[in-house]
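Novice: structure for the following, please:
(one chain, ligands or ions: 1)
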Amino acid sequence: MEEYIVSARKYRPATFRSVIGQHALTTTLKNAIVSNKLAHAYLFCGPRGVGKTTCARIFAKTINCLHPTKEHEACNECESCLAFNEQRSYNIHELDAASNNSVDDIRTLTDQVRIPPQVGKYKVYIIDEVHMLSQSAFNAFLKTLEEPPAHTIFILATTEKYKILPTILSRCQTYDFNRITQKDIVEHLQYVAEQEQISADPEALSVIAQKADGGMRDALSIFDQLASFTGGKITYEQVIQNLNVLDFDYYFRMTDLFLAHKVGECMIIFDEILNKGFDAQHFIGGLASHFRDLLVAHDAFTLKLLDCSDAIKARYMEQAKLCSDAFLFAAIEICNECDMQYKQSRNKRLLVELTLIRLSQLGEEKKKVTGKEYRPIEPIFSQAAESAVHVRPAPVQKTAEQKTAPKGEINQASQATSITQPQEAPPVAPFPTQNRVQQPKKDLPKITTISLRASRAKGVDPNEGNDSQATQTVRKKSYTQADLEFAWREYVSDKPEEYHLSEVMKEFIPVAEANNTVVLTLYNQIDEKLIQEHNSSICQFLREKLSNDQIILHIERKELSDDQKIFTQKEKFEYLLQNNEALVKLCDRFKLRLY
Ligand SMILES: [Zn+2]
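Specialist: Okay, the predicted model is just below:
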């Protein structure tokens with residue numbers, strides 16, 4: 001390869017002004033120089049590649065400059081500056097504590113400290129990665145740090161501030177360097193690209209900045225690598241291919257599909273991502289970050305937390321408008337769950353696919369639960385018609401769901417359903433709960449064609465509900481165990497997302513007892529908790545289905561008797577040992593044990 005200077009060195013800032021992304025800090029340093037209030041020791045903390053050593057060098061150069069400029073920068077012309085620029089100045093000493101961390105190394109340094117500078121005023125000692133000094137080296141250093149000669153300034157740099165001893169911390173002025181924002185990195189890369197006559201897409205630079213994670217040095221070295229690989233034409237496609245970065249476009253497309261509840265297409269895209277060689281967990285992590293960014297883009301107040309170029313920012317804001325906060329919270333949580341379960345999962349692909357399915361159903365759930373953003377769905381009509389013929393439970397349940405919407409949203413829900421309502425439909429409030437009955441009549445949801453037809457189809461007299469509404473009385477229709485079981489099963493019939501709930505409800509069937517009490521016996525705490533969480537919604541559903549407003553769901557916990565208990569392999573084995581002498585002998589003889 002031809003000889004060239006890497007960009008990180010070539011474009012290393014030479015003045016405080018040209019340091020990128022650390023404006024507040026460089027200003028403070030400059031002010032200290034102007035007012036001549038220099039400390040004897042500074043501690044520069046911050047992630048790698050954000051300009052700690054660069055600032056230390058500029059600082060050393062500036063305080064030694066013989067003719068500082070009006071902006072209080074180094075003149076780059078005087079003898080001292082030239083010596084610095086040509087790296088032959090005796091006023092700056094750099095020690096890498098990572099490789100010189102012994103007591104002897106520190107002694108050599110402290111011996112030099114005593115010699116005053118020949119040119120300029122100060123001798124600056126930069127100790128990089130100072131946290132790597134050994135304990136004894138630290139101790140040897142401490143004394144010099146406490147009482148350094150007047151011409152000496154120490155600049156300690158570290159990426160791990162918490163490893164610095166308090167005795168050192170208390171003797172230094174501390175400066176915390178920020179991670180450089182993506183925007184700043186992109187701008188600088190653009191500048192370098194122009195200087196080097198390299199063409200580069202803004203999106204491509206954005207990806208580089210993202211990969212560099214706030215470090216300018218890393219960003220520049222990635223940039224160099226790509227510039228040489230692509231022959232001076234850095235495109236977005238090449239960057240994502242070379243850096244093995246997943247195209248963020250996938251996340252945008254996926255989110256659109258989630259919002260449109262298109263499970264199938266999500267699966268196809270996920271397959272495409274896997275075929276490109278990306279790790280599924282990496283993808284889920286990226287998806288979670290995408291939702292986080294959308295959440296941040298939602299609000300002008302938090303928008304500044306979105307660290308990316310303006311073009312991408314605009315895209316985030318646009319998609320954020322389509323997503324509700326609830327959707328994003330839930331989506332992040334689902335991704336997080338998947339991420340946590342990923343390691344344990346045996347079928348990782350299935351786990352991620354399941355996550356995608358849950359994400360695609362999010363909007364559906366929201367629509368049911370909050371009733372907000374309710375869009376009239378075309379199939380409702382045809383389903384309703386079907387239900388009239390085939391007695392399909394699903395659409396009926398949908399109406400029930402709408403009615404169970406929280407108080408505030410009743411209007412919206414009823415407005416949405418009233419679209420499908422014929423004029424002559426009587427204003428009925430079949431909703432049973434107490435607070436609902438107390439509401440003013442105009443707020444009450446109206447019965448829809450669907451539920452009317454469905455109830456007719458089921459042989460229930462729709463007027464019955466009407467009567468009870470008119471007098472505002474409580475419905476008390478009697479029901480059989482069979483009716484109860486039918487309604488019970490119906491509750492979970494169209495809740496594929498509530499997998500656990502539906503398993504429990506299928507396995508345990510309640511018993512109809514006197515006084516409209518429905519007793520469900522469960523055998524473990526988890527099931528009990530789960531049903532308890534859904535108790536009110538199940539209750540309301542049953543009341544609605546069975547036209548009885550007095551139904552109460554009572555959950556009973558029972559311990560399994562011994563003969564019902566599930567035994568572990570070890571318990572089974574011990575049981576066999578107790579009752580089978582031959583087995584004991586066999587185990588003794590062959591030294592068998594069950595672990
Ligand atoms: Zn100078």
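Novice: skipping adjacent residues, who's closest to whichever residue of the stretch 451-595 of the chain sits closest to the ion in space?
Specialist: Closest approach between the stretch 451-595 of the chain and the ion, counting by C-beta to the ion: residue 497, at 69.5 Å. C-beta here means a position set from N, CA and C on the backbone, and glycine is covered the same way. Computed as C-beta to C-beta, 6 or more residues apart in numbering, the closest residue to residue 497 that is not its neighbour in sequence is residue 361, at 4.9 Å.
Novice: which non-adjacent residue is nearest the residue positioned nearest the centre of the chain?
Specialist: When C-alpha atoms, centre = their mean is applied to the chain, the residue found nearest the centroid is residue 288 (4.2 Å). The shortest distance from residue 288 to any residue other than its chain neighbours is 3.7 Å, reached at residue 335 (C-beta to C-beta, 6+ apart).
Novice: so the one you found sits against residue 284, correct?
Specialist: Yes. With contact defined as C-beta atoms under 8 Å, residue 335 counts as touching residue 284 (5.4 Å).
Novice: now the common contact residues for these two.
Specialist: Common neighbours of residue 335 and residue 284, using C-beta atoms under 8 Å, 6 or more residues apart in numbering, are residue 355.
Novice: which bits of the stretch 51-200 of the chain sit near the ion?
Specialist: With C-beta under 5 Å from the ion as the criterion, the stretch 51-200 of the chain meets the ion at residues 65, 74, 75, 78, 81.
Novice: please report how far the first one lies from residue 141.
Specialist: By that I understand residue 65. Using C-beta to C-beta, to the nearest Å, residue 65 is found at 28 Å from residue 141.
Novice: cool, and the second one?
Specialist: Per C-beta to C-beta, residue 74 is found 28 Å from residue 141.
Novice: count the neighbours of residue 170 for me.
Specialist: 8 (other C-beta atoms under 10 Å).
Novice: what's the spacing between it and the ion?
Specialist: Applying C-beta to the ion, to the nearest Å, the value for residue 170 to the ion is 33 Å.
Novice: spit out the contact partners of that residue.
Specialist: Counting by C-beta under 8 Å, 6+ apart, residue 170 has no contacts.
Novice: do the same with residue 213
Specialist: Shown in contact with residue 213 (C-beta under 8 Å, 6+ apart): 47, 179.
Novice: out of everything not next to it in sequence, what's closest to residue 332?
Specialist: With sequence-adjacent residues excluded and distances taken as C-beta to C-beta, 6+ apart, residue 332 is closest to residue 291, at 4.8 Å.
Novice: oops, could you answer that again for residue 263 instead?
Specialist: Nearest to residue 263 is residue 360, by C-beta to C-beta, 6+ apart, at 4.4 Å.
Novice: which helix or which strand is home to the one you found?
Specialist: helix 348-370 (DSSP states H and E).
Novice: and if you look at residue 83?
Specialist: helix 79-85.
Novice: what's that helix packed up against?
Specialist: helix 52-64 (3 or more C-beta pairs under 8 Å, 6 or more residues apart in numbering; DSSP states H and E).
Novice: run the chain-centre distance for the helix it packs on.
Specialist: Remark: helix 52-64 is offset 39 Å from the chain centroid, using C-alpha atoms, centre = their mean, to the nearest Å.
Novice: what is the burial count for residue 48?
Specialist: 14.
Novice: distance check, it against the ion.
Specialist: Taken as C-beta to the ion, the span from residue 48 to the ion is 29 Å.
Novice: quick check, that residue in contact with residue 214.
Specialist: No. Residue 48 is beyond contact range of residue 214, at 9.2 Å (criterion: C-beta under 8 Å).
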